[in-house]
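Undergrad: Quick check, what structure comes out for this input:
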Amino acid sequence: MEKRPVAYQVYSARREAEKDLDGVLAQLKKMGYDGVEFAGFYGHSAEEVAAMLKKHGLKAISSHVALKLIEEDMFGQISFHQKIGCEYIAVPFLDGETRPGTPGFAHAMQLIYRFGTLLKQAGMQLLYHNHDFEFVTLSGMFGLDFLYAAVPEDLLKTELDVCWVKYAGQDPAAYLRKYAGRCPVVHLKDYVGRKVEGKDPYALIGMNENEKRDTQAFEFRPFGYGCQNAQEVVEAGIESGAKWFIIEQDESVGRTPLEAAEMSIGTLKKIGLK
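TA: The predicted structure is shown next:
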């Protein structure tokens, strides 16, 4: 298998990063990660983040920035991310008012088009990170496909999250191949359970350990320890032009997030990506 660099979405260890971002970066480097993807900076300045990354020999390959924050200050977001050497910015989530099928979706696409244009001018690239709610049908196609059809490829590329693609009932490997040449960054995420009507998997995020969980319905797992065919997904990503793979696990049950991070990169070493 061809080698590719692997990054870690720091949001997966957000509680630890809030206390000691420098320490988290040190541990990730020791595990064999090549870079990180951010979703916030825990009060640190761009200069502080850049210094930490340089210290540990990690690249800030990407960053998740909420559409609301993008709308509030597009140029400020570009400036901050240029200072830390970020190549990609990803829209991570659409709220209930801007998702496909809502009146606000058109406005969201307009913002994505504008920001994608500004990023291109700055030598950067905009991505869209999907969940499962984009797999509603609009004009005879999934909302996710509608978005990618509406915004030119040079302004918006994919950051396909294979967990949510599969959770939506689609084949992650096939979906990666569908967007061959447009998927430079791939989110590797695993889970167990099934889609249950009336159960919201996002509600699991941020639950306290003593809260009751419906583990039969859904539970995040380290990559390679759930229902994903790890090798098939990674091979499809490579065939489709992936430059980076990113490990993400929204919540870790039964082990610390960094223990799960080590298990996930262990899977990638085992199948030959690392």
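Undergrad: pLDDT at residue 193, what is it?
TA: Per-residue pLDDT puts residue 193 at 86.
Undergrad: now do residue 236
TA: Residue 236 is assigned a predicted lDDT (pLDDT) of 98.
Undergrad: before we move on, what about the one 10 residues further on?
TA: The pLDDT attached to residue 246 in the predicted structure is 98.
Undergrad: Let's check: the centremost residue of the chain is which one?
TA: Nearest to the mean C-alpha position of the chain, counting by Cα atoms, centre = their mean, stands residue 187 at 4.9 Å.
Undergrad: now that residue, nearest residue through space, not along the chain?
TA: Distances taken as Cβ to Cβ, 6 or more residues apart in numbering place residue 161 nearest to residue 187, at 4.0 Å, with adjacent residues excluded. Using the backbone N, CA and C atoms, a C-beta is placed for each residue, glycine as well.
Undergrad: what does residue 7 give?
TA: Skipping the residues right next to it in sequence, residue 7 comes nearest to residue 35 by Cβ to Cβ, 6+ apart, at 3.9 Å.
Undergrad: Just grab the bridge partners of the one you found for me.
TA: In this structure, residue 35 bridges to residue 7, residue 59 when assessed by DSSP bridges.
Undergrad: Can you give me every residue that contacts it?
TA: 5, 6, 7, 8, 58, 59, 60, 61, 244 (Cβ atoms under 8 Å, 6 or more residues apart in numbering).
Undergrad: And the residues you listed, which is closest to residue 178?
TA: Residue 178 lies nearest to residue 244 out of the contacts of residue 35, by Cβ to Cβ, at 19.0 Å.
Undergrad: right, and that closest one touches residue 185 too?
TA: Yes: the pair formed by residue 244 and residue 185 meets the contact definition of Cβ atoms under 8 Å, at 5.0 Å.
Undergrad: so what sits against both of the two?
TA: Taking Cβ under 8 Å, 6+ apart as the contact rule, the neighbours common to residue 244 and residue 185 are 61, 62.
Undergrad: follow-up on the earlier one: would it be right to say that the residue nearest to the centre of the chain lies in a strand?
TA: Yes: assessed with DSSP: H, G, I helix; E, B strand; the rest coil, residue 187 lies in a strand.
Undergrad: can you pull the contacts of it?
TA: Under the contact definition (Cβ under 8 Å, 6+ apart), the residues listed for residue 187 are 9, 129, 159, 160, 161, 162, 163, 246, 248.
Undergrad: Mind checking which of those residues are in strands?
TA: Judged by DSSP state E, strands contain the following of these: 9, 129, 159, 246.
Undergrad: picking that back up, ok, so what distance separates the residue nearest to residue 7 from residue 194?
TA: Between residue 35 and residue 194 the computed distance is 33 Å (Cβ to Cβ, to the nearest Å).
Undergrad: One more: residue 28?
TA: From residue 28 over to residue 194 the distance is 31 Å, taken as Cβ to Cβ.
Undergrad: ok, those two, which is more surrounded?
TA: Each of residue 28 and residue 194 has its neighbours counted (other Cβ atoms under 10 Å); residue 28 has more, 25 against 11.
Undergrad: show me the contacts for that one.
TA: For residue 28, the set of contacting residues under the criterion of Cβ under 8 Å, 6+ apart consists of 8, 36, 56, 58, 258, 261.
Undergrad: swap in residue 11?
TA: Residues touching residue 11, when contacts are defined by Cβ under 8 Å, 6+ apart, comprise 38, 39, 40, 64, 248, 250.
Undergrad: List the contacts of the fourth one.
TA: This means residue 64. Applying Cβ under 8 Å, 6+ apart, we find residue 64 in contact with 9, 11, 37, 38, 39, 89, 90, 91, 92, 93, 129.
Undergrad: if we go to 6 Å?
TA: Residues counted as contacts of residue 64 (Cβ atoms under 6 Å, 6 or more residues apart in numbering) are 39, 90, 92.
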